[in-house]
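[1] Next input, structure requested:
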Amino acid sequence: MKRVWERLRLYCKTLHPVGLAFALVFFTWSMSPSLLPRAWYLQGIATGISLAMGYGVGVTVAWMIRKCGVEPQWSDRTKKIGWRILLVAAVILVPTFLVLGSWWQQIVRDLVEAPRTNQANYLLVLMISLGIWFILLEAGRGLRFTTNKLTAVALRFVPLEAAKVGSLIVIFALGIFIVNGALYNGLIAFANWSFSGADHETPDGIEQPMIAERSGSPMSAEAWDSLGQEGRTFMGSGPTAAEISALTGREAKQPIRVYAGRESSDSINGVAQRVVDELERTGGFDRGTLAVVTTTGRGWVNEDVASAFEYVEGGDTAIASMQYSFLPSPLAFIADRETPMIAGRALFNAVYAKWIDLPVETRPELVVFGESLGSYGGQAAFAGAQDMMTRVDGALWVGTPNFTAQWQEITDSRDSGSPEILPVIDGGQAIRFAGDPEDLELKSDWDDDRIVYWQHASDPITWWSFDLLLNKPDWLKEPLGRDVDPGMTWVPLVTFWQVTLDMVFSADVPSGHGHNYGEDAADMWAKILHPEAWTSADTDKLRALLTTNLEPTK
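    Now for the predicted structure:
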């Protein structure tokens, strides 16, 4: 034990006091509230990263001061006093902010209607954060060691300054190769191949449909096994005509759902064409309203949003969608942002090419919707807001990621005085933003062709951006959302990692918060589609039904 303490003491001597001081400040900042409640182990990761960043900033500041020619010569006594002050500050601040952090997290849980947790778990945050900090610190030292070695080798051939620059270029080029080069592409291809094996499972309670209006049925050209796990789930779910009639008291049709899996064709365009073939087979182009849906990752469609659409339109609907990847959504969100856009364009353009040739008086209304990566990919089918308003009769974009170009353009063009979390566009004439259904109620008239961006103020998927590293966003300058802790503030570097880790369990909060979009879909579609026979009582009944989770279609 004595040897362990001696090694620890020697290791601590290698740490820079200015770096430690900054690390302590970043520790206190990391405990501040963010958009969503964090599990204690995620808080530990966020705090560990913050410690490493703070230490790095402190060391960099000290290095810059030395480069400016300022090198204070402290006496041994002064150094001892400084270390003792730092130690006392740590002894006071660390436990204080661990307690405050656990308290702040309970407040955030109350705001998003999540159950409270045991605050004692926060005692483990310190251990995890120190472990993460140690790993990152040693990784940084390893990188510095590698750079120095490369510099030493280069000195045999070039002057010192050129050797330093050359070694940095080599390290930087290696990083680019790993992040965005052949190795990266190979890893993505390998990941797709790996996850394709798990795509053949079918969730419990989902059975092959036996009706012509579904892809994957015996009457369909799309084999049940080819649809992928999410495709089978979507085709094996949803309301029947009888269930819609039971809710509305009016005659209803059996909704049409068509889908093609990634395995059905060698190309994404080929998969999209198979979806169009299914629409023609099922009579989807003869329905009152046709929806084109871009999925997320492995092909997921929000069942509440899809079912609400079918209920509001009395089943006189067709939904067309497809799978474009085998990657789970979180991995696709990070690693593959090109494929969703390709798929969004391919599917919409394939459907639109057939739809536009139909007689105007008989063709269905055309709407689009998608959630998360589906919203991101779906909007890529349009050149801009005006193009979308021209080519569709309605849209519902749910939980749109911040990096979506069209979302950014529309949000940035908001009317003066309207906040970033709820922009007002041209007085709400065609495009409206909503966190809750009542946000759609504006004083101005709303055109018949309506586009809605549904986003929660506490959804980190919508608000996460690399800009958070060094820039305070408008949504943190303006009054915060209803379910966001008023104590949330922007801290350089720290807030970025807090919101990043908020994304991990962003859907594991009650509906109406974070990235969980559920029964409010009833209100959203009722406002977008505004069918004559639909009433507010119907909306209330549909909300109640969605809350209880719909049973799969047999």
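
[2] Show me which helix or strand of this structure is least confident by mean pLDDT.
    helix 182-196 (a mean of 50; mean pLDDT, DSSP states H and E).

[3] and the helix or strand hosting W63, how far from the chain's centre?
    Element membership of W63 [criterion: DSSP states H and E] is helix 40-67. Average the C-alpha atoms of helix 40-67, do the same for its chain, and the two points are 26 Å apart (C-alpha atoms, centre = their mean, to the nearest Å).

[4] Now the element after that helix, going C-ward?
    Defined by DSSP H and E, the subsequent element after helix 40-67 is helix 76-111.

[5] right, and the helix or strand after the least confident helix or strand of the chain?
    Scanning the chain past helix 182-196 towards its C-terminal end, the next helix or strand to appear is helix 228-235 (assignment: DSSP H and E).

[6] Buried residues in whatever helix or strand comes next after that following helix, which are they?
    Counting by DSSP H and E, the next helix or strand C-terminal to helix 228-235 is helix 241-248. Neighbour counts over helix 241-248 (16 or more other C-beta atoms under 10 Å) mark A241, E243, I244, S245, L247, T248 as buried. To be clear about C-beta, it is placed using only N, CA and C from the backbone, and glycine gets the same treatment.

[7] what do you get for stretch 123-130?
    Of the residues in stretch 123-130, those scored as buried under the neighbour-count criterion (16+ other C-beta under 10 Å) are V125, L126, I128, S129.

[8] shaky segments in the stretch 201-350 of the chain?
    Low-confidence regions of the stretch 201-350 of the chain, defined here as pLDDT under 70, cover residues 329-331, 334-335.

[9] so where do the strands sit in the stretch 251-400 of the chain?
    Using DSSP state E, counting those that start in this stretch, the strands assigned to the stretch 251-400 of the chain run over residues 256-260, 289-294, 317-322, 365-371, 394-398.

[10] can you redo these as a markdown table with mean neighbour count and distance to D426?
    Below are the strands of the stretch 251-400 of the chain laid out as a markdown table (neighbours: other C-beta atoms under 10 Å; distance: least, C-beta to C-beta, whole Å):
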| stretch | mean neighbour count | distance to D426 |
| --- | --- | --- |
| strand 256-260 | 30 | 34 |
| strand 289-294 | 27 | 25 |
| strand 317-322 | 28 | 29 |
| strand 365-371 | 25 | 20 |
| strand 394-398 | 26 | 16 |
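
[11] Hmm, S102 is touching Y122, no?
    Yes: because the distance of 4.1 Å satisfies C-beta atoms under 8 Å, S102 is recorded as touching Y122.

[12] Give the full set of residues in contact with S506.
    Counting by C-beta atoms under 8 Å, 6 or more residues apart in numbering, S506 touches L36, D459, P460, I461, G514, H515, N516.

[13] check which helix or strand covers the most centrally placed residue in the chain.
    Taking C-alpha atoms, centre = their mean as the criterion, I461 is the residue nearest the geometric centre of the chain, at 3.1 Å. Secondary structure from DSSP H and E places I461 in helix 460-463.

[14] Filter the contacts of S506 down to the buried ones.
    Buried positions within the contacts of S506, assessed by neighbour count (16+ other C-beta under 10 Å), are L36, D459, P460, I461, G514, H515, N516.

[15] Return the distance of the last one relative to I461.
    Read that as N516. When distance is defined by C-beta to C-beta, to the nearest Å, N516 is 11 Å away from I461.

[16] helix or strand right after the helix holding I461?
    Defined by DSSP H and E, the subsequent element after helix 460-463 is helix 474-477.

[17] pLDDT score assigned to E71?
    At E71, the predicted lDDT confidence score is 73.

[18] For the buried residues of stretch 123-130, work out which two are farthest apart.
    Across these, no pair lies farther apart than L126 and I128, at 7.5 Å, counting by C-beta to C-beta.

[19] So for the two, which residues contact both of them?
    Counting by C-beta under 8 Å, 6+ apart, the common neighbours of L126 and I128 are G44, T47.

[20] What are the boundaries of the strands in the stretch 401-550 of the chain?
    Taking DSSP E, counting those that start in this stretch as the criterion, the stretch 401-550 of the chain carries its strands at 431-434, 450-454.

[21] counting contacts, what elements does the shortest one pack onto?
    For strand 431-434, the contact count by 3 or more C-beta pairs under 8 Å, 6 or more residues apart in numbering; DSSP states H and E identifies strand 450-454 as packing neighbours.

[22] any idea how far the strand it packs on is from the chain center?
    Relative to the chain's own centre, strand 450-454 is displaced by 18 Å; criterion: C-alpha atoms, centre = their mean.

[23] Can you list the strands that that strand pairs with?
    If you go by DSSP bridges, strand 450-454 pairs up with strand 394-398 (parallel), strand 431-434 (parallel).

[24] Mind putting the ones you listed into JSON lines with mean pLDDT and distance to L136?
    Conversion of those to JSON lines gives the following (pLDDT from 0 to 100; distance: least, C-beta to C-beta, whole Å):
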{"stretch": "strand 394-398", "mean pLDDT": "98", "distance to L136": "35"}
{"stretch": "strand 431-434", "mean pLDDT": "98", "distance to L136": "38"}
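
[25] what pLDDT does I169 get?
    At I169 the predicted local distance difference test score is 62.

[26] Repeat that for G101.
    The per-residue pLDDT of G101 was computed as 90.

[27] Give me the phi and psi angles of the nearest residue in space to it that is not next to it in sequence.
    Counting by C-beta to C-beta, 6 or more residues apart in numbering, G101 lies nearest to M31, which is 3.3 Å off, once chain neighbours are set aside. Summarising the backbone geometry of M31 under the convention degrees, to the nearest 10, its torsions are phi -80, psi -10.

[28] mind listing what M31 touches?
    Taking C-beta under 8 Å, 6+ apart as the definition of contact, the neighbours of M31 are Q43, T47, F97, L98, L100, G101, W104.

[29] follow-up on the earlier one: need the strands of the stretch 401-550 of the chain in TSV (columns: distance to P479 and mean neighbour count).
    Formatted as TSV, these follow (distance: least, C-beta to C-beta, whole Å; neighbours: other C-beta atoms under 10 Å):
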stretch	distance to P479	mean neighbour count
strand 431-434	15	23
strand 450-454	19	24
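
[30] May I see these organised as CSV, with distance to K541 added?
    As requested, the strands of the stretch 401-550 of the chain are exported to CSV (distance: least, C-beta to C-beta, whole Å):
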stretch, distance to K541
strand 431-434, 21
strand 450-454, 21
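
[31] Thank you kindly, that will do.
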